[in-house]
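Student: Attaching a predicted model along with its sequence, questions to come.
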Amino acid sequence: MSLLGGLLRAGASYCQSAGTLLHTVRTISTGTCCQIRMHAIPQPKKVDRWTEKRSMYGVYDNIGILGDFKAHPKDLIVAPCWLKAFKGNELQRAIRKKKMVGDRMMTQDRHDLEKRIRFLYRRFNRTGKHR
Amino acid sequence: MLRFSFIFRGRGVAKRFASSFSNESALPPNLLLPTNLVDPDRLKRPPPPADSSLPPLRKCDAAVPAHLTPVQAWVESLERQDSEPLGVAQLHPDVFAVPPRLDILHSVETWQRNYKRISHAHTKVRSEVSGGGRKPWKQKGSGRARHGSIRSPIWRGGGVSHGPRGPTSYYYMLPMKVRVQGLKVALSSKMAQDDLHIVDSLNIPTPDSQYLLDLIRHRHWGESVLIVDVGEDFSENILQATANLKTVNVIPAIGLNVHSMLKHEAIVLTLETVKFLEDKLLWHDERYTPLYPFKLPYSDFP
């Protein structure tokens, strides 16, 4: 029984990985199979490794150590304001978003955010092994 | 990039290994090498010996530990394409001759790639997809499978149950001393592989990009060059010359980082940049742990 289950799981994961590998864009597969047909080996995409963004990537990352600590690399991050220099799981991010941006949000988005926080709180703190 | 230098070194290494073989050709017969490969060992000027008699143009400001000797490097000039080096400069071994810690380089490089990363991938959950509040058909009697809403994850067009949720950040900070050590290891590796060049100043006779390209090709510095100078004012000539070049870039010394050093094959530093870097990077070896962040004023630290 467990062998069968293992084989089925391996088969399913192989199909899914084959399907997602042949897409070059990162897609979120919801599990339905997609028919891929190709006539020839596709050309590798030509990537310019020396564009302005790529050649100047990472400049000023050490602005703190080399610049007398007047700035911090976290000031360089381009992100929504509730995510600047912050890392957290989904519940922590949602609570922070509600705290910082909640009164500026549209009513439907805020309602969805509150429902999500309520659901995640109950899920993390009342179900499963880690409470 | 280090990968190209591996090809160069590989050829020399293959020759050295081949000498130990007996009655075999120098290189394997099916080895395919590009025809325009030049052997840099013949062309590069060997770095000045440790006990050279030339008076150094620049000595280390900080005290060098007794068991280490300063690194010697040629000081060149960008004025003329085929000018000889102007002299010898001494570099501090605790910045330019640090043991090559590849794990620190890897961790600093991954930190640089990830700490700024915000992934905006987002999918709607079944409660966020429009519609799906009503039960589609009654529970019993219709003959079809029982369902509560048309937007549940098993339906086409329904929500995603475990997809990416909203903008996610991957921010974290490495300890300051690890980032400093990463800079030192990168500089030492470039120095050890003869990819670091010291220049007295960035004065170029013409604002022509072709002059820079010819100079770099003549001196066999590599395909890509990173030029670093202290201060915000650069001479007009160098700015104009590098404006149109993709692989030759000028950055201020504050912008120096491990990723740029690994991406460009050769690094060019001025003498003031060397002094600035030694100053900033050696301070961390002998500082006290901060009681409050360094950006707040300290009495003895500017």
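Tutor: Sure, I can see it.
Student: For the rest of this, base every contact and every neighbour count on C-alpha atoms.
Tutor: Noted.
Student: what does the model give residue B:49 for pLDDT?
Tutor: We have a pLDDT of 78 for residue B:49.
Student: okay, now the nearest residue to residue B:187 once chain neighbours are set aside: neighbour count?
Tutor: Once flanking residues are discounted, residue B:187 sits nearest to residue B:96: 5.7 Å by C-alpha to C-alpha, 6 or more residues apart in numbering or on different chains. By other C-alpha atoms under 10 Å in any protein chain shown, 24 other residues sit near residue B:96.
Student: Equivalent analysis for the one 4 residues further on, please.
Tutor: A count of nearby residues for residue B:100, using other C-alpha under 10 Å, gives 16.
Student: Thought residue B:188 was touching it, still the case?
Tutor: Yes - judged on C-alpha atoms under 8 Å, residue B:100 makes contact with residue B:188 at a distance of 7.2 Å.
Student: what's the distance between the residue of chain A found nearest chain B and residue B:53?
Tutor: Nearest to chain B, among the residues of chain A, is residue A:60, at 4.0 Å (C-alpha to the nearest C-alpha). Note on residue A:60: its distance to residue B:53, by C-alpha to C-alpha, to the nearest Å, is 39 Å.
Student: After the lowest-mean-pLDDT helix or strand in chain A, which helix or strand is next? Please name it.
Tutor: In chain A, the helix or strand scored least confidently by mean pLDDT, DSSP states H and E is helix A:2-22, which has a mean of 46. For helix A:2-22, the succeeding helix or strand toward the C-terminus, using DSSP states H and E, is helix A:52-55.
Student: what's the neighbour count on residue 59?
Tutor: By default, I'm working from chain A. For residue A:59, the count of nearby residues is 20 (other C-alpha under 10 Å).
Student: The chain in question should be chain B.
Tutor: 15.
Student: What's opposite the nearest residue to it once chain neighbours are set aside in the beta bridge?
Tutor: Spatially, and ignoring its direct neighbours in sequence, residue B:59 is nearest to residue B:90 (5.2 Å; C-alpha to C-alpha, 6+ apart). Residues in a beta bridge with residue B:90, per DSSP bridges, are residue B:72.
Student: Show the pLDDT at residue B:90.
Tutor: pLDDT, read off for residue B:90, is 94.
Student: you'd agree residue B:258 is up against residue B:106?
Tutor: No - with contact defined as C-alpha under 8 Å, residue B:258 does not reach residue B:106; the gap is 9.5 Å.
Student: And whichever strand or helix holds residue A:111, what does it pack against?
Tutor: In the assignment (DSSP H and E), residue A:111 maps to helix A:107-126. When contacts are defined as 3 or more C-alpha pairs under 8 Å, 6 or more residues apart in numbering or on different chains; DSSP states H and E, helix A:107-126 packs onto helix A:90-101.
Student: Wait, residue B:230 touches residue B:255, no?
Tutor: No - using C-alpha under 8 Å, residue B:230 is not in contact with residue B:255; the gap is 9.8 Å.
Student: How about residue B:102: what's its closest non-neighbour residue?
Tutor: Nearest one to residue B:102, counting by C-alpha to C-alpha, 6+ apart, is residue B:185 at 8.0 Å.
Student: Residue 87: neighbouring residues, count only.
Tutor: Looking at chain A here, since you left the chain open. For residue A:87, using other C-alpha under 10 Å, the count is 16.
Student: Chain B is the one I meant
Tutor: Neighbours of residue B:87 (other C-alpha under 10 Å): 17.
Student: gap between the nearest residue to it once chain neighbours are set aside and chain A?
Tutor: Once flanking residues are discounted, residue B:87 sits nearest to residue B:75: 5.3 Å by C-alpha to C-alpha, 6+ apart. Distance of residue B:75 to chain A, computed by C-alpha to the nearest C-alpha, to the nearest Å: 23 Å.
Student: Over to residue B:167?
Tutor: Taken as C-alpha to the nearest C-alpha, the span from residue B:167 to chain A is 8 Å.
Student: Residue B:154 now?
Tutor: 9 Å.
Student: try residue B:76
Tutor: The separation that residue B:76 has from chain A, given C-alpha to the nearest C-alpha, amounts to 25 Å.
Student: residues touching the spatially closest residue to that residue that is not a sequence neighbour, list them.
Tutor: The shortest distance from residue B:76 to any non-neighbouring residue, by C-alpha to C-alpha, 6+ apart, is to residue B:85 (4.3 Å). Residue B:85 makes contact with B:74, B:75, B:76, B:77, according to C-alpha atoms under 8 Å, 6 or more residues apart in numbering or on different chains.
Student: Give me the neighbour count for residue B:249.
Tutor: 23.
Student: Show me the beta-bridge partners of it.
Tutor: Beta-bridge partners, per DSSP bridges, of residue B:249: residue B:226.
Student: Was I right to think it contacts residue B:238?
Tutor: No - in this structure residue B:249 lies outside contact range of residue B:238 using C-alpha under 8 Å: 9.8 Å.
Student: which bits of the stretch 101-250 of chain B sit near chain A?
Tutor: Counting by C-alpha under 8 Å from any C-alpha of the partner chain, the residues of the stretch 101-250 of chain B close to chain A are B:112-113, B:116, B:118, B:127-128, B:160, B:163, B:165, B:168-172, B:176, B:179-180, B:246-247, B:249.
Student: Let me know the secondary structure of residue B:238.
Tutor: helix (DSSP: H, G, I helix; E, B strand; the rest coil).
Student: Return the residues in contact with it.
Tutor: By C-alpha under 8 Å, 6+ apart, the neighbours of residue B:238 are B:202, B:203, B:204, B:207.
Student: Which single residue of the stretch 151-300 of chain B ends up nearest chain A?
Tutor: For the stretch 151-300 of chain B, C-alpha to the nearest C-alpha, closest residue to chain A: residue B:255, 4.0 Å.
Student: State the pLDDT value of that residue.
Tutor: pLDDT at residue B:255 comes out at 95.
Student: Could you report the neighbour count for it?
Tutor: 20.
Student: Please work out how many residues are found near the residue lying closest to residue A:74 once chain neighbours are set aside.
Tutor: The shortest distance from residue A:74 to any non-neighbouring residue, by C-alpha to C-alpha, 6+ apart, is to residue A:85 (5.6 Å). Other residues within reach of residue A:85, judged by other C-alpha under 10 Å, total 20.
Student: Repeat that for residue B:103.
Tutor: 10.
Student: Helix or strand: which one has residue B:260?
Tutor: Using DSSP H and E, residue B:260 falls in helix B:258-263.
Student: Look up how far residue B:114 lies from the residue nearest to residue A:74.
Tutor: Residue A:85 is 12 Å from residue B:114, by C-alpha to C-alpha.
Student: shared neighbours of the two, anything?
Tutor: residue B:171.
Student: contacting residues for residue B:91?
Tutor: B:59, B:60, B:70, B:71, B:72, B:73, B:274.
Student: what about 6 Å?
Tutor: Shown in contact with residue B:91 (C-alpha atoms under 6 Å, 6 or more residues apart in numbering or on different chains): B:60, B:70, B:71.
Student: Brilliant, that's me finished.
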